[in-house]
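generate a structure from the sequence data that follows.
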Amino acid sequence: MTLTIILACVIALIFGASGVLNALALPKARELAAETGFSVAAYRRIGVLQLAGVAGVALGLAVPPLGGLAGTGLLLLLVGAVVVHRRNGDPVAKIAPAVVCAVLVASYLAALFA
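Prediction:
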């Protein structure tokens, strides 16, 4: 259970920060939206989904099925991020954070249901 709590906290920090950045359309989010070819509105929606994922992961410590659904949703967002990076021809250095986060979320899911 301790590992699950630690992973949930790390996920909450990473996706909470990214979610706020995107949902509020802060300048860095606007820049990233332009780089990837997304509208600012789409990036805002992604931010809201990230924040919903954070809430679900946190609540998942008490209600594991909810955490599983939230983790799966975050994992799908990360798969989408990798696909977008690959389509844009981004170097591995730009893809790596999404892959590392995907491994982190997959580890959370494994720990949650272990």
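
what about residue 31, how many neighbours?
Using other C-beta atoms under 10 Å, residue 31 is surrounded by 10 other residues. For glycine as for every other residue, the C-beta is placed from the backbone atoms N, C-alpha and C.

which SSE is it in?
helix 27-36 (DSSP states H and E).

which neighbouring elements make contact with that helix?
Under the contact criterion of 3 or more C-beta pairs under 8 Å, 6 or more residues apart in numbering; DSSP states H and E, helix 27-36 touches helix 2-23, helix 40-59.

list the contacts for the residue lying closest to residue 32 once chain neighbours are set aside?
Spatial nearest neighbour of residue 32, chain neighbours left out: residue 43 (7.0 Å); criterion: C-beta to C-beta, 6 or more residues apart in numbering. Listed by C-beta atoms under 8 Å, 6 or more residues apart in numbering, the contact set of residue 43 reads 22, 25, 29, 30, 32, 33.

check residue 21 too.
28, 29, 47 are the contacts of residue 21 under C-beta under 8 Å, 6+ apart.

buried residues in stretch 1-15?
Using 16 or more other C-beta atoms under 10 Å as the test for burial, stretch 1-15 gives 4, 7, 8, 10, 11, 12, 14, 15.

of the residues you listed, closest to residue 60?
residue 8 (7.0 Å; C-beta to C-beta).

return the helix or strand in this protein with minimum mean pLDDT.
helix 27-36 (a mean of 93; mean pLDDT, DSSP states H and E).

residue 18 contacts residue 50, doesn't it?
Yes - between residue 18 and residue 50 a contact is recorded at 5.6 Å, counting by C-beta atoms under 8 Å.
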